[in-house]
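> got a sequence here, can you build the structure:
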Amino acid sequence: MEHHPRHIIHNFIPLHICKELEFIHKSNCTVGYRPNVFSTTLSHLIATNCPHLIMPFIPIREMVKEKVEELFGCEFELFVEFTGLISWTKGASIGWHSDDNRSYLKQRDFTAVCYLNSYGENFSGGIFHFQDGEPANYVPMAGDLVMYSADDRNIHCVDEITDGERLTLTIWFSRNSSYDEDEKLISRVAQTLSNNELTSCIPLPGSSNMYWFSSVEGSDQLQGFDIRYARLLSLGYDISTTQGKTSDEMNSTIDVSDVFTEPLRLARGDTLFNKKFANLLHALQAVQFYYWSRSNLPQTEGVRNTGDIIQLSESQKQDICNLRCLLSSTMKLDASIFCHPSSNTIRDSHFDPKIFSEALTSWEEYAFKLHEQLTVHLPFWKEYTSLFSVSLQVVNN
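Sure thing, here's the model as predicted:
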């Protein structure tokens, strides 16, 4: 262990936290730093008017930092350099490398990887290997934490993903305080909240290029697709514009970026949900919330809102079908990149429109609850220039 500083702790993160972070990632992720990789950073959440979604990260960051400092004997020495959710999809891999083998990463001292889903159940491939020392191999399982020094003593690689989506929470630590991400994040949160007079939790998408996936590096739009749209399609959802244009009118004027940033509604099968979403990212957050929280939602007899469910007419079905065809014609869609054969959420044979409608209301309540927590935490964060959990007892005093 001295020659190869590393630790693996099984079941470190509760599974319900893993599922919450998975929901956040699948709702907000953008194209990542290498082919077939997607990422959700705290700075991106803040920039897209979702600063409230950083709240579930705070206690996990603290737990991981304390454990890294304890096991590597560097109590009160470390600063969080980076916090992000990273997923690896079919074709993604990395060859042998260490985390400090590039000059601009020399400040990194330790890496911690929290695995949020499991090999075999959610993805195939993606096994982690260390070049030397023990343990030499690690098979990812939800809730596990892998920690290691970010230097040549822990050269590692990851097998290619052959199916599904491998999801992690990755945190980098440095002893150099100038790389501490907290001060910048706090400044951005404060700026976002001050600019948002209505305390709205509606996301504002980033550049369309941030969501454009292509398996061919440097390819044009005909060889890629929008990952937000692909995630919706992979779960069986369509979109319906709210601008009053017929499919014939859209055929001559369609612009994918406009369709995805304008108000829209969701449809599934023969059902149209009357709720208007501000943009595609807004709709995707609602859908992913449903898949995360549906086991805790009331059954049909307990739902509050059923008036937002509309049975599609034949002409509406045709318009939605035409829109799907028009959008697909501008992309080389491969929605299967987010699917794994053994996943239970890919094909929802028990979908209930009424429960989904209930989820839309619960999702808004969840977002506003996190927003309230954020406003409570922010004054303390600004005072101490650090992101940390604030107890209600401290606030009340």
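> mind listing residues that contact stretch 39-54?
For stretch 39-54, the surrounding residues in contact (Cβ atoms under 8 Å, 6 or more residues apart in numbering) are 24-25, 28-33, 57, 82-87, 181, 184-185, 188-189, 192-193, 196, 200-206, 281, 367, 370-371, 373-374, 387. C-beta here means a position set from N, CA and C on the backbone, and glycine is covered the same way.
> of these, buried ones?
Applying 16 or more other Cβ atoms under 10 Å to these, the neighbour count classes 24-25, 28-32, 57, 82-87, 181, 185, 188-189, 192-193, 201-205, 281, 367, 370-371, 373-374, 387 as buried.
> okay, and which of those map to strands?
Thr30, Val31, Phe82, Thr83, Gly84, Leu85, Ile86, Ser87 (DSSP state E).
> low pLDDT regions in the stretch 201-350 of the chain?
Under the criterion pLDDT under 70, the flagged ranges of the stretch 201-350 of the chain are 215-222, 242-255, 299-307, 335, 342-349.
> which other helices and strands does the longest helix along the chain contact?
Longest helix in the chain by number of residues (criterion: DSSP state H): helix 353-384. Counting contacts by 3 or more Cβ pairs under 8 Å, 6 or more residues apart in numbering; DSSP states H and E, helix 353-384 packs against helix 182-195, strand 271-277, helix 280-293, strand 309-311.
> deepest of these, which one?
Of those, the one with the most neighbours on average (mean count of other Cβ atoms under 10 Å) is helix 280-293, at a mean of 23.
> ok, residues contacting that one?
Helix 280-293 is contacted from outside by 19-20, 22-23, 26-28, 48, 202-203, 205, 226, 228-229, 231-232, 235, 237, 239, 259-261, 264, 266, 275, 277, 297, 345, 348, 355-356, 359-360, 362-363, 366, using Cβ under 8 Å, 6+ apart.
> equivalent analysis for stretch 26-38, please.
So stretch 26-38 is contacted by 25, 39-40, 44-45, 48, 50, 53, 85-92, 94, 161, 203, 206, 209-213, 215, 217, 227, 231, 281, 284-285, 288-289, 337 (Cβ under 8 Å, 6+ apart).
> with stretch 89-99 instead?
For stretch 89-99, the surrounding residues in contact (Cβ under 8 Å, 6+ apart) are 34-38, 105, 108, 111, 125-126, 131, 150-166, 172, 215, 337-338.
> quick check: Ala112 touching Val64?
Yes. Using Cβ atoms under 8 Å, Ala112 is in contact with Val64, at 4.9 Å.
> shared neighbours, those two?
Counting by Cβ under 8 Å, 6+ apart, the residues touching both Ala112 and Val64 are Leu145, Met147, Ile171.
> only whichever of those are buried, select them in ChimeraX.
With 16+ other Cβ under 10 Å as the criterion, this ChimeraX line picks the buried residues out of the shared contacts of Ala112 and Val64:
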select :145,147,171
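> from the shared contacts of Ala112 and Val64, which ones fall inside strands?
Filtering these for strands - DSSP E - leaves Leu145, Met147, Ile171.
> dump those to CSV, plus pLDDT and distance to Glu69.
Listed next are those as CSV, based on pLDDT from 0 to 100; distance: Cβ to Cβ, whole Å:
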residue, pLDDT, distance to Glu69
Leu145, 98, 14
Met147, 97, 10
Ile171, 98, 12
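> tell me the spacing between Thr261 and Lys275.
Distance of Thr261 to Lys275, given as Cβ to Cβ, to the nearest Å: 17 Å.
> for Ser207, same thing?
In terms of Cβ to Cβ, Ser207 sits 26 Å off from Lys275.
> need the shared contacts of Ala112 and Val64 in TSV (columns: distance to Gly73).
Shown next, in TSV, are those (distance: Cβ to Cβ, whole Å):
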residue	distance to Gly73
Leu145	17
Met147	13
Ile171	18
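> closest to Ser177 out of the shared contacts of Ala112 and Val64?
Ile171 (16.3 Å; Cβ to Cβ).
> residues in a beta bridge with that closest one, which ones?
Thr83, Ala112 (DSSP bridges).
> turn the ones in strands among the buried ones among the contacts of stretch 39-54 into JSON lines, including distance to Leu326 and pLDDT.
Below are those laid out as JSON lines (distance: Cβ to Cβ, whole Å; pLDDT from 0 to 100):
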{"residue": "Thr30", "distance to Leu326": "24", "pLDDT": "97"}
{"residue": "Val31", "distance to Leu326": "23", "pLDDT": "95"}
{"residue": "Phe82", "distance to Leu326": "39", "pLDDT": "96"}
{"residue": "Thr83", "distance to Leu326": "39", "pLDDT": "98"}
{"residue": "Gly84", "distance to Leu326": "34", "pLDDT": "97"}
{"residue": "Leu85", "distance to Leu326": "32", "pLDDT": "98"}
{"residue": "Ile86", "distance to Leu326": "33", "pLDDT": "98"}
{"residue": "Ser87", "distance to Leu326": "29", "pLDDT": "97"}
